[in-house]
Structures are given as C-alpha cells and as structure tokens.
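K.L.:
Next come a sequence and a model predicted from it.
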Amino acid sequence: MSSELLVDVGEDPATAQLGQLELATIDDQRWPNDESVLGQSETDLSRRFDAGSAHLPWDHPFYDIARHQIIEVAGDDNFGRKVIVFNACRMPPQHQLDHHKLLMYLKGTLDQYVESDYTLIYFHHGLTGENKPSLGWLRDAYREFDRKYKKNIKALYIVHPTMFIKTLLILFKPLISFKFGRKINYVSYLSELEDVVKCEQLLIPARVKEYDDKLRASVKPSARPPVSPPRSPPLPNQVFGVPLSLLRQRTPDGNCVPVVMRDTVGFLTEQGLEIEGIFRRSANVTLVKEVQLKYNSGAAVNFREMEDVHLAAVILKTFLRELPEPLLTFQLYNDIVNFASVPSDSQATVMAALLESLPEENYTSLRYLITFLAQVSANSDVNKMTNSNLAVVFGPNLLWGRDNAMSLSAIGPINGFTKTLLDQQHLVFT
C-alpha cells in the first residue's frame, strides 16, 4: 500500500482548518468532558440490532442513519475476515446528521462481528468542511472502541488519504496504541484493494470511483497503476467461482456436493468441532491461495497433512462466497429478507417450501452444510459457536444481493433466517 500524498493540501476541502490543527498538540484541544453520553446505550444497541429484524422501517431509531448507507458490510476479504466499509462521501452536512447516533450505529454493526477477525475499509474521499465531525467526536469515538473492538480488527485501510487525514493521525498518535497503529494502511488507488478484497463486492460509491480515475489520470502513463490486477484465465478444472451445476456435471458420480465442501467439512468434523472460535479466525493468505490453486488445477487436497482447522474453515467460507450465485440463490433473496414477517409457528413449513424450490445441487449442498453446522453448534459449550454465532458467520456467505454488498437492513434478516434454519433444521430437512 502506498503512503504517498495524493493531492496538495489546497485541493482537499477537508483541510480548511489544517493550519490551525498543525499549531495545536493533542492535549491543547478542547475535548468534551469524559462523562459522554456515548456509553449509555449498550442495552438499547443489542435490541436495535436484533438479527431477526426486517428492513429498517421509517420509525426505527436508526433509520435516519441507515438510509445514508454510510456503513456497509461486504462479506469476507481474501483472508477470510468480515469486511466493514465506511463511506465518508455519504455523510450529510453536520447539521443533518446525529454523530452520536452514527457512532452507536457503527458500534452496533461491529458488535455482530467483533468476536471474529474483521477488516475496516474507510473511503476518505468526500469528507469536507461541511460534513466532517469534530475532533472531540473523533477522540471520543476512538476511546469508545475499547479492547473488545480493537482486539480482532486485523487491518484498517484508509483509501485515498489526504494531508488532512495523515496529519490527524499524527495528532492522535498519543491516543493510538502502537499495536493498533501498525494495523493502519494507506491505499492510494482502488486497484490496490484487490490484494485485500474483491472490489466488486464493496459497492464503491460512484464519486469515489470518479475521484480514483481523476487521480490515475493525473500521473504519467508510465507510472500509472493498472485499473485492476490482471485476472488469470479460468483453468480447465476451475473449482472456485464456478456454478454448482457445472461442478456437478464434472463429477464422475454426479455428486451434488462439491469436493471442496466434502473435503473441508469432512476434516472439520474430525478435528474442528471442539476448537474454540472455529470459523471466527482468519488464515494465512499464502496458504489459502495455494489451496485454491490446487483445487483449481485439479489436484487433490489433504487438509490432514496441513493440520490447520482455521485454514479449512476459511476455504469453506471462501468457496461459498465465490460462487457466481449464492447457495440460497438470488431468486429467494426477497423471500428470505422478508422472512421475519412469517409467524413463528409457520416458519419451519414456509422455510421448507422455500428451500425445496432450490436446484437439486443447491438444496443438497445446503442440507449437507447445515447438518454439519448443527454438529458444530452441538459442541458450543466448548467451541463457543452457538447457532446465533454461526448465523452471523455464514449468513453473508449463503446469500447476498446481485450488487454483492449488503446494507445492515438486509444482513440482519439474512442472519436471522440462517439462525432459524439452524434452529429448525431437523424440521426443515426431512
């Protein structure tokens, strides 16, 4: 990741007060009192982010925040970590946004994922003198995110950094721990994010894309980075990113369950059921790529030789996420997102009817996966992976919209559907 300055200070509207900031140390700022109201709503947060809630209605406490799509969840990155995206350009002017509530909304998002490894991506372009929050709010925001949130964040990527944001981080250096500081990465161009996550799943705002194009055009062609890394042509035995129907056709015995799922689930059933936090940890990205390459080249993979349950867990999630169409299919997207409105005494019947409409390979693979996850949950006293925890991990890997990214208003119902499926799998799969 490059840390070169992208624009001159004068070109960045958010640097209007930069001169004044440079003259003051962190201790000189007029911070609000520590008796902030930021910490008083923890109980309300868990209620307001109920995994089974439907799309946020207009009278929901967080509707005025959610509608701006400032914060989004974008599946897993290339390391098997959940991706949380913050879009500065979607922040309205200060007087139109309750920054306290924005912080609560961000915490509510992270609360669903902080027990797992996760990545934050912050798109800085679009932060201006009109919509940027106060330094006091930033100070309180950092302090509000205690060890619970910082422990499992593996990286913070600041995309299109400016002199303002870099100076701000220097000012905040006394507050930022050395360990957390090492997790901060500057990303000069969108193409550099491909090393971390597939950009098409991020639903990047058009303004950010246009700004990236402008930056690229401002440098000499010889020094200009590629728009995106060159993609290798699909291999004859490609497994990842291939439709389930094609994988089934290639299998000599016509097995509906893909070999990647059989290999990973078989190994994890033997050695992963009692591993605490299974499916919450990331894996070595080099090993992940090596295993993917083996599968895509038609070679056999033996996880027992590697003896890494977290690697097998990441490979399983990666396989599901890279399917061209999710396991639960785009066709069922609206039914699943609105499933919470189904009366509880009818949910098993309705769910069974929905799933029976899936193609045979999807239905069989889903039943195979859910049966295994029921075994994982049965050992939750040891591995700490209850149905609720498994739903948060697997929901975004079983279903997503056609645009790949999901707002919180959709991800909650998807996770809720997944939890219900795990709770009632013995009634749904007959």
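P.N.:
Alright, I've got the coordinates.
K.L.:
From now on I want contacts and neighbour counts done on CA atoms only, so please keep to that.
P.N.:
OK.
K.L.:
Tell me where the stretch 301-430 of the chain has strands.
P.N.:
Using DSSP state E, counting those that start in this stretch, no strands are assigned anywhere in the stretch 301-430 of the chain.
K.L.:
Spell out, range by range, the helices that occur in it.
P.N.:
When secondary structure is read from DSSP state H, counting those that start in this stretch, the stretch 301-430 of the chain shows helices at 303-306, 309-321, 333-337, 347-356, 360-378, 380-383, 387-398, 408-423, 425-428.
K.L.:
Output the contacting helices and strands for the last one.
P.N.:
Just to be clear, that refers to helix 425-428. For helix 425-428, the helices and strands in contact under the criterion 3 or more Cα pairs under 8 Å, 6 or more residues apart in numbering; DSSP states H and E are helix 347-356.
K.L.:
sorry, back to before: redo the helices of the stretch 301-430 of the chain as TSV? Include mean pLDDT, mean neighbour count and distance to K166.
P.N.:
Formatted as TSV, the entries for these read as follows, by pLDDT from 0 to 100; neighbours: other Cα atoms under 10 Å; distance: least, Cα to Cα, whole Å:
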stretch	mean pLDDT	mean neighbour count	distance to K166
helix 303-306	90	12	41
helix 309-321	94	23	33
helix 333-337	93	18	40
helix 347-356	96	17	50
helix 360-378	97	18	44
helix 380-383	95	16	41
helix 387-398	92	22	33
helix 408-423	88	24	29
helix 425-428	94	16	50
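K.L.:
Among the ones you listed, which comes closest to R81?
P.N.:
Across those, R81 has its closest neighbour in helix 309-321 (8.6 Å, Cα to Cα).
K.L.:
So which residues lie in contact with that closest one, not counting its own?
P.N.:
Here helix 309-321 makes contact (Cα atoms under 8 Å, 6 or more residues apart in numbering) with 75-76, 78-80, 240-241, 260-261, 264-265, 267-268, 271-272, 278-279, 281-284, 287-288, 291-292, 303, 326-327, 394, 397-398.
K.L.:
From the chain's centroid, how far away is that helix?
P.N.:
Its chain's C-alpha centre lies 15 Å from the corresponding centre of helix 309-321 when counted by Cα atoms, centre = their mean, to the nearest Å.
K.L.:
The spatially closest residue to V382 that is not a sequence neighbour: neighbouring residues, count only.
P.N.:
Residue nearest to V382 in three dimensions, not counting chain neighbours: E274, with 5.7 Å by Cα to Cα, 6 or more residues apart in numbering. Using other Cα atoms under 10 Å, E274 has 19 neighbouring residues.
K.L.:
Just say helix, strand or coil for the closest residue to G254 other than its chain neighbours.
P.N.:
With sequence-adjacent residues excluded and distances taken as Cα to Cα, 6+ apart, G254 is closest to R248, at 5.4 Å. In the three-state summary, R248 is assigned as helix, counting by DSSP: H, G, I helix; E, B strand; the rest coil.
K.L.:
list the contacts for R248?
P.N.:
R248 is in contact with 254-258, 361, counting by Cα under 8 Å, 6+ apart.
K.L.:
ok, and the closest non-adjacent residue to P92?
P.N.:
N131 (5.8 Å).
K.L.:
Return the set of buried residues in stretch 242-255.
P.N.:
In terms of neighbour count (16 or more other Cα atoms under 10 Å), stretch 242-255 has its buried residues at 242-244, 247-248.
K.L.:
circling back: just the buried subset of the contacts of helix 309-321, please.
P.N.:
Using 16+ other Cα under 10 Å as the burial test, these include 75-76, 78-80, 240-241, 260-261, 264-265, 267-268, 272, 278-279, 281-283, 288, 291-292, 303, 326-327, 394, 397-398 as buried.
K.L.:
returning to that earlier point: in strands, which of the contacts of R248 appear?
P.N.:
Helix and strand membership here follows DSSP state E; of those, not one is in strands.
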